[in-house]
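Engineer: compute the structure for the input listed below.
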Amino acid sequence: MTDYFRPLARTDAPRPVTAFTLAGGWCWFDQVEVLRRDAAPTVVPAHSLDDAILTRLCAPRADIAGMAMDTPRIMGILNVTPDSFSDGGQFNAPDAAMTQAQVLIDGGADTLDIGGESTRPGAAEVPVDQEIARTAPVIAALRGAGVTTPISIDTRKAAVGAAAMAAGADLINDVAAFTFDPELLSVAVAEHAPVCVMHAQGTPETMQSDPRYDDVVMDVYDALSGYVETCVAAGLRRDQITVDPGIGFGKTLEHNIKLLKSLSIFHGLGCPILLGASRKRFIGVIGDVPEAADRMPGSVAVAMAAAAQGVQILRVHDVAATRQALRLTQAMWG
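Structural biologist: A predicted model of the protein is given here:
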């Protein structure tokens with residue numbers, strides 16, 4: 001019987017002297033919810049856990065692409081695509097991409113995530129040469145303009161990742177966790193590049209047809225654990241790996257909410273957590289906001305709830321609004 005441990009993250013004061021720091025960051029915990037597939041959840045004192053489990057939950061996370069993980073980091077989304085669900089066609093022209101990159105940086109982005117292939121539900125695969133043509137020149141132009149902000153390439157494909165790294169990217173963010181093109185992992189290993197592995201059930205073409213899980217939280221945890229071990233076996237260090245539960249990728253609204261309520265469980269993987277929920281459909285459904293571009297308030301609310309569970313990287317479209325909210329939230333944490 002496998003146990004899963006979800007630290008009940010807190011940010012408020014006073015903090016008990018017996019509390020533990022979560023992932024070396026800004027949250028603390030003194031209780032843990034223990035989840036099992038064949039039994040009801042229980043809550044236990046944190047000090048009752050084995051040392052190995054506590055170490056995995058508490059150990060400070062290493063820097064990722066030069067970013068310290070001791071405070072929430074904002075990843076600005078730059079889609080250089082004609083068909084992304086929220087901003088497709090707005091920034092696929094080179095000049096527009098450069099302008100938007102500067103807007104994101106000025107708004108407080110700690111890193112940029114540049115993608116040339118939409119992975120919205122129902123999206124078709126983009127040819128490799130076309131995806132390279134969309135992304136690598138923008139990355140090279142940003143570096144040529146003196147931009148030093150860490151850059152992530154959002155791709156499933158080895159050739160795209162290699163071209164992006166050659167152009168100056170720092171991190172590989174793969175929504176398929178190296179299952180679509182395993183050679184992309186070889187690129188990361190050869191470049192000594194940090195990576196983000198995301199959980200998805202199915203492909204963009206099929207993932208929302210009828211997603212099912214025995215238990216979405218534990219199933220996603222197990223899948224991410226397997227992806228991490230695959231990366232380590234290939235030659236990456238665990239401290240180079242970030243995990244993403246994949247909100248909206250092969251999940252119903254109910255699946256998404258359950259994952260969001262349980263985000264702190266993924267600290268048990270010993271890696272930083274990235275959350276990409278910005279403007280997604282479930283926000284529109286719950287908030288009664290049909291248009292993706294109008295979902296900034298709901299997106300910010302989700303991001304702040306994630307930060308309160310110790311999530312280290314918030315992947316968002318609305319950087320300035322998220323940065324403002326985060327500053328106020330951190331002020332209230334003290």
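Engineer: okay, now residue 258: neighbour count?
Structural biologist: Burial of residue 258, expressed as a neighbour count using other Cβ atoms under 10 Å, amounts to 16. All C-beta spots, glycine's among them, are computed from the backbone N, C-alpha and C.
Engineer: which residue packs closest to residue 232, ignoring adjacent ones?
Structural biologist: Distances taken as Cβ to Cβ, 6 or more residues apart in numbering put residue 238 closest to residue 232, at 5.7 Å, once the chain neighbours are dropped.
Engineer: surely the one you found touches residue 270?
Structural biologist: Yes. Taking Cβ atoms under 8 Å as the definition, residue 238 is a contact partner of residue 270 at 6.0 Å.
Engineer: from residue 62, how far out is the residue nearest to residue 232?
Structural biologist: Distance, residue 238 to residue 62, by Cβ to Cβ, to the nearest Å: 9 Å.
Engineer: now for the helix or strand of the chain with the lowest mean pLDDT, which elements pack on it?
Structural biologist: Among the helices and strands of the chain, helix 94-107 carries the lowest confidence by mean pLDDT, DSSP states H and E, at a mean of 92. In terms of contact count using 3 or more Cβ pairs under 8 Å, 6 or more residues apart in numbering; DSSP states H and E, helix 94-107 is assigned the packing partners strand 73-79, strand 111-115, helix 128-144, helix 319-333.
Engineer: so which of those comes closest to residue 296?
Structural biologist: Evaluated over the helices and strands packed on helix 94-107, closeness to residue 296 peaks at helix 319-333, with 5.5 Å, by Cβ to Cβ.
Engineer: circling back to that earlier point, quick one: which of residue 238 and residue 270 has more around it?
Structural biologist: residue 270 (19 against 15).
Engineer: switch the helices and strands packed on helix 94-107 over to a markdown table; also include mean pLDDT.
Structural biologist: Shown next, in a markdown table, are the helices and strands packed on helix 94-107 (pLDDT from 0 to 100):
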| stretch | mean pLDDT |
| --- | --- |
| strand 73-79 | 96 |
| strand 111-115 | 96 |
| helix 128-144 | 95 |
| helix 319-333 | 97 |
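Engineer: okay, these in JSON lines with mean neighbour count and distance to residue 165 next?
Structural biologist: Putting these into JSON lines (neighbours: other Cβ atoms under 10 Å; distance: least, Cβ to Cβ, whole Å) gives the following:
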{"stretch": "strand 73-79", "mean neighbour count": "26", "distance to residue 165": "17"}
{"stretch": "strand 111-115", "mean neighbour count": "25", "distance to residue 165": "12"}
{"stretch": "helix 128-144", "mean neighbour count": "19", "distance to residue 165": "9"}
{"stretch": "helix 319-333", "mean neighbour count": "16", "distance to residue 165": "24"}
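Engineer: how about low-confidence regions in the stretch 151-300 of the chain?
Structural biologist: 206-207 (pLDDT under 70).
Engineer: can you show me the helices along it?
Structural biologist: Assigned helices in the stretch 151-300 of the chain, in chain order: 158-167, 183-191, 216-234, 253-261, 281-287, 296-307 (criterion: DSSP state H, counting those that start in this stretch).
Engineer: is the spatially most central residue of the chain in a bridge, and if so with what?
Structural biologist: Averaging the C-alpha coordinates of the chain gives a centre point, and the residue nearest to it by Cα atoms, centre = their mean is residue 274 (2.4 Å). Here residue 274 shows beta-bridge partners residue 313, assigned using DSSP bridges.
Engineer: I figured it hits residue 195, correct?
Structural biologist: No. The criterion here is Cβ under 8 Å, and residue 274 misses it with residue 195 at 10.6 Å.
Engineer: shared neighbours, those two?
Structural biologist: Residues touching both residue 274 and residue 195 (Cβ atoms under 8 Å, 6 or more residues apart in numbering): 173, 242.
Engineer: what about the closest residue to residue 140 other than its chain neighbours, neighbour count?
Structural biologist: Take residue 140 and drop its neighbours on the chain: the residue closest to it by Cβ to Cβ, 6+ apart is residue 167, 4.1 Å away. Using other Cβ under 10 Å, the number of residues around residue 167 comes to 21.
Engineer: how about residue 167, what does it touch?
Structural biologist: For residue 167, the set of contacting residues under the criterion of Cβ under 8 Å, 6+ apart consists of 135, 136, 137, 139, 140, 143.
Engineer: and residue 239, how close does it get to residue 112?
Structural biologist: Using Cβ to Cβ, which is the criterion applied here, residue 239 is 22 Å from residue 112.
Engineer: revised request: answer the last question for residue 264.
Structural biologist: The span separating residue 264 from residue 112 equals 27 Å under the rule Cβ to Cβ.
Engineer: likewise for residue 78?
Structural biologist: Residue 78 is 5 Å from residue 112, where distance means Cβ to Cβ.
Engineer: any shared contact partners between these two?
Structural biologist: Going by Cβ under 8 Å, 6+ apart, residues that sit against residue 78 and also against residue 112 are 101, 104.
Engineer: thinking again about what came up before, output the helices and strands packed on helix 94-107 as a markdown table; include the columns distance to residue 178.
Structural biologist: Putting the helices and strands packed on helix 94-107 into a markdown table (distance: least, Cβ to Cβ, whole Å) gives the following:
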| stretch | distance to residue 178 |
| --- | --- |
| strand 73-79 | 19 |
| strand 111-115 | 16 |
| helix 128-144 | 16 |
| helix 319-333 | 28 |
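Engineer: kind regards, and thank you for your time.
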